[in-house]
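Trainee: Provided below are the primary sequence and the corresponding predicted coordinates.
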4 protein chains.
Amino acid sequence: MNIIDLGKQNGIVNQYIAEMRHAEIQKDSWRFRKNLERLGWCFGYEISKKLQYEDFVVETPLGEKEVPMLSEQVVLGTVLRAGLPLHQGLLDIFDHAGNAFISAYRKYHKDYSFEIFNGYVTCPPLDDKVLILADPMLATGASMEVAYNSLLEYGKPKHTHIVVVVASTEGVELIQKKLGKMPVTLWYAAMDEELSAKGYIIPGLGDAGDLAFGEKQ
Amino acid sequence: MNIIDLGKQNGIVNQYIAEMRHAEIQKDSWRFRKNLERLGWCFGYEISKKLQYEDFVVETPLGEKEVPMLSEQVVLGTVLRAGLPLHQGLLDIFDHAGNAFISAYRKYHKDYSFEIFNGYVTCPPLDDKVLILADPMLATGASMEVAYNSLLEYGKPKHTHIVVVVASTEGVELIQKKLGKMPVTLWYAAMDEELSAKGYIIPGLGDAGDLAFGEKQ
Amino acid sequence: MNIIDLGKQNGIVNQYIAEMRHAEIQKDSWRFRKNLERLGWCFGYEISKKLQYEDFVVETPLGEKEVPMLSEQVVLGTVLRAGLPLHQGLLDIFDHAGNAFISAYRKYHKDYSFEIFNGYVTCPPLDDKVLILADPMLATGASMEVAYNSLLEYGKPKHTHIVVVVASTEGVELIQKKLGKMPVTLWYAAMDEELSAKGYIIPGLGDAGDLAFGEKQ
Amino acid sequence: MNIIDLGKQNGIVNQYIAEMRHAEIQKDSWRFRKNLERLGWCFGYEISKKLQYEDFVVETPLGEKEVPMLSEQVVLGTVLRAGLPLHQGLLDIFDHAGNAFISAYRKYHKDYSFEIFNGYVTCPPLDDKVLILADPMLATGASMEVAYNSLLEYGKPKHTHIVVVVASTEGVELIQKKLGKMPVTLWYAAMDEELSAKGYIIPGLGDAGDLAFGEKQ
């Protein structure tokens, strides 16, 4: 498994994450969503460098030109609901992609421990496709693992790019342990060290789903 | 229950629907999604005329001005997955709104009859809010009814605007029959007369979810 | 000449203008531009109701349908630079439109009086087209008059919709006086009464160009 | 002067340019504009890696975090009208940037030779800022040189990133010859070898301004 930290290379992604973390700026849910969308563009663009292209001859109004066009089929998988703005950004980059939506939710026990359940999955066949699976936060890593495994029921992708914005050390370790031998690249843009007892990344940015879409009951 | 046909007033919504119906143009899934988004703007804008506003004094750089600002809380409810681009458009208009996501799916019997099941719901409290519930196609009307009723578990909205792009005559009748006494307005932009044995609107435009997001297994 | 005040009908346009006037909120130039874009959607959508449509038969995947499509050619004219976000919004609505760009600038005399000069015009032929000419502020009205007249050199539009967000009483009077006999509709969304000695609308919202794009030398 | 060819690294930019070159696909002016916008994202994102960042402490809802934020002031300069969609994309990336607009036009002589004139310039002070100057096509290079020099009248930027989508060999040579000793980086995504007698890149893609905004008189 490859791990790529997009925040390490100096770049505008850090600025977007700073705005998302900022307790005042993050109150503007529109800007919060737009920052997630822009991060989707940045991740999508970087991932596009790992894909395969083939030369095609294109007829321009003034002559022919051989140009490289994407020769792999991309499927964008999204964990609801927090993943939607990130998905929007990835889809802006890969507008011809197939799409998968998956809901995973935490069921808390009295001691704050929790299990992850799947509620809803739609997915195209995945055999030989490139899967990009996005969720803004990688906290314990458990819901990402559940999401990944439930998508594998739809076929065997050539490669999977897991995209998160903020990862916890613990979450990265879990993904490495559980998916380390799979054809997977883990992308994140910031790593925070702590997890709270309830499984929140600290300092993180709060609940990405609530910040993007408002509180839920 | 009020029923409003946005397509009857001459306007650009008809052009967008024409592109969505067009067997060639609809192959561009980006344009298909964008047309749904734009319809979200148009519906959202028209719905905004039904909402309540209150005058606030705003401090401009050159003096004070009394201006009307929205005084009702709006929640945008979306039926997955086809409803997502319509939701995006509505959220562009009501960027401060709360959001609900709901999945409903058909389980077909051997004779093509089907039942609707709920897979996933997230929703804020709805008491005294204005709910806008969007799904591009109103075919039999059964999934919209299920979606509406499952959201009512989260509270009692002051009013609900159900937004669909293409409705079948049968779907409108079902909504009228089932929700006719509720504080509901049904908005659509085109009405088609037939339903196929499998519950597809004819001529309609095909499967809106597939056209927006690709086929699913 | 028709005059239509979009702010009079209760609706979300008032909310957008309130945010643009608000001395704190307007500091977010992204939101300021987006509010202008959204106003472009609202104006464009309302103008679309005044246009002509013709029924075409569209081949859908499941059958034929007669649908109304726009039968007039629209040209979107924009006064630089403040008009650009409004233009972006109008172009989102009329994505097949032609486009005209025009710069007009004020040359101040010592006594604060000023003349309007044209710096740059690109425009398609306008004969028999519907021209939508947009600039966010109608202060004295002089630059709009100059813009309109310089576009007339490119042909005689069937009708011109002049779109401004905030108008001054004086500006509306000037347009009425100068263009009152032309096939013109003037659209605005708010009317303020005063003009400063330097020709700024009071309370208005400040310099729309600076707020959207930053100060210029 | 640095020269960076973004098309050489395998990536999605080639796909976007292929669509822009494609004689059929380019007829959809909305997609054409969107492809230019997306190229603006890609260029902007890559340029952001060359900028300077400083660590700031951001207060998140769950604690403090040191995060890098952009510490240079960016100005986005745009050559009208073809540069506008590219500018839109760059502004999506650098939403806090200042903005400059500049018109340069060709005046043809009888023998097809031409001179470049400036029609309109607005620009903030440029001293010590990072200027990103965008125009989709670098044909002879003459209008880019005129644009660059006319912006220098507004101050001396620390560095200028000239961004073009398709460059001709001749255009690159002219920029190297004329601006080779300036603090300039030239970015392009495709290089074509020929120039027609009228100064069009062959095969190129046609007139980018016409394709984005329609023909002009």
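Mentor: Yes, it's here. Note that the coordinates shown come from a computational prediction; the quantities given were computed from them, not determined experimentally.
Trainee: quick one: contacts for residue A:82?
Mentor: Shown in contact with residue A:82 (CB atoms under 8 Å, 6 or more residues apart in numbering or on different chains): A:135, A:136, A:137, A:207, A:208, A:209, A:212, A:213. Bear in mind the C-beta positions are built from the backbone N, C-alpha and C, glycine included.
Trainee: Now it: closest residue in space that isn't a chain neighbour?
Mentor: Nearest non-adjacent residue to residue A:82, counting by CB to CB, 6 or more residues apart in numbering or on different chains: residue A:209, 3.8 Å away.
Trainee: Number of residues surrounding that neighbour?
Mentor: Residue A:209 sits with 22 neighbouring residues when counted by other CB atoms under 10 Å in any protein chain shown.
Trainee: pLDDT at it, what is it?
Mentor: Listed pLDDT for residue A:209 reads 95.
Trainee: Same question for residue A:10.
Mentor: On the pLDDT scale, residue A:10 gets 79.
Trainee: and it, that one's in a helix?
Mentor: No: with DSSP: H, G, I helix; E, B strand; the rest coil as the criterion, residue A:10 is assigned coil and is not in a helix.
Trainee: Double-check it against residue D:46; I have them as touching.
Mentor: No: contact criterion CB atoms under 8 Å: residue A:10 and residue D:46 do not qualify, at 11.8 Å.
Trainee: higher neighbour count, those two?
Mentor: Neighbours around residue A:10 and residue D:46, counted as other CB under 10 Å, are more numerous at residue D:46. The numbers are 21 against 15.
Trainee: Give me the angle between the lengthiest helix in chain A and helix D:29-48.
Mentor: Across chain A, the helix with the greatest residue count (assigned by DSSP state H) is helix A:29-48. Angle of helix A:29-48 versus helix D:29-48, following axes from the mean of the first three to the mean of the last three CA atoms, to 10 degrees, is 80 degrees.
Trainee: is any part of whichever helix or strand comes after helix A:29-48 close to chain D?
Mentor: Next helix or strand after helix A:29-48 toward the C-terminus (DSSP states H and E): strand A:53-60. Yes: shown here: strand A:53-60 in contact with chain D (CB under 8 Å from any CB of the partner chain) through A:53, A:56, A:58, A:59, A:60.
Trainee: Name the surrounding residues that touch strand A:53-60.
Mentor: With CB under 8 Å, 6+ apart, strand A:53-60 has contacts from A:64-71, D:10, D:14-15, D:18, D:21-23, D:203-206.
Trainee: how about 10 Å then?
Mentor: A:64-72, D:10-12, D:14-15, D:17-26, D:192, D:201-206 (CB atoms under 10 Å, 6 or more residues apart in numbering or on different chains).
Trainee: Next: stretch A:168-183.
Mentor: Defining contact as CB under 10 Å, 6+ apart, one finds that stretch A:168-183 is touched by A:1-3, A:5, A:130-131, A:137-145, A:148-149, A:152, A:156-160, A:162, A:164, A:167, A:184, A:186, A:188, A:191-196, A:199-202, A:204.
Trainee: Quick check, central residue of chain A?
Mentor: The residue lying closest to the centre of chain A (CA atoms, centre = their mean) is residue A:134, at 1.9 Å.
Trainee: Counting neighbours, which bits of stretch A:85-105 end up buried?
Mentor: Applying a neighbour-count criterion of 16 or more other CB atoms under 10 Å in any protein chain shown, one finds A:85-95, A:97-105 buried in stretch A:85-105.
Trainee: Hmm, residue A:79 is touching residue A:143, no?
Mentor: Yes: using CB atoms under 10 Å, residue A:79 is in contact with residue A:143, at 6.6 Å.
Trainee: Measure how buried residue A:182 is and give me the count.
Mentor: Neighbour count for residue A:182, taken as other CB under 10 Å: 15.
Trainee: where's it relative to residue A:90, distance?
Mentor: From residue A:182 across to residue A:90, the span is 20 Å (CB to CB, to the nearest Å).
Trainee: Then residue A:136?
Mentor: For residue A:136, the distance to residue A:90 equals 12 Å [CB to CB].
Trainee: Need the residues touching each of those two.
Mentor: A:39, A:40, A:83, A:163.
Trainee: lowest confidence element among the helices and strands of chain A?
Mentor: strand A:114-122 (a mean of 75; mean pLDDT, DSSP states H and E).
Trainee: Find the nearest non-adjacent residue to residue A:64, please.
Mentor: Counting by CB to CB, 6+ apart, the residue nearest residue A:64 is residue A:57, at 5.5 Å.
Trainee: now, which of the contacts of residue A:82 lie within strands?
Mentor: residue A:137 (DSSP state E).
Trainee: Among the contacts of residue A:82, find me the one that's closest to residue C:217.
Mentor: residue A:212 (38.8 Å; CB to CB).
Trainee: Do I have it right that that closest one meets residue A:86?
Mentor: Yes: using CB under 10 Å, residue A:212 is in contact with residue A:86, at 9.3 Å.
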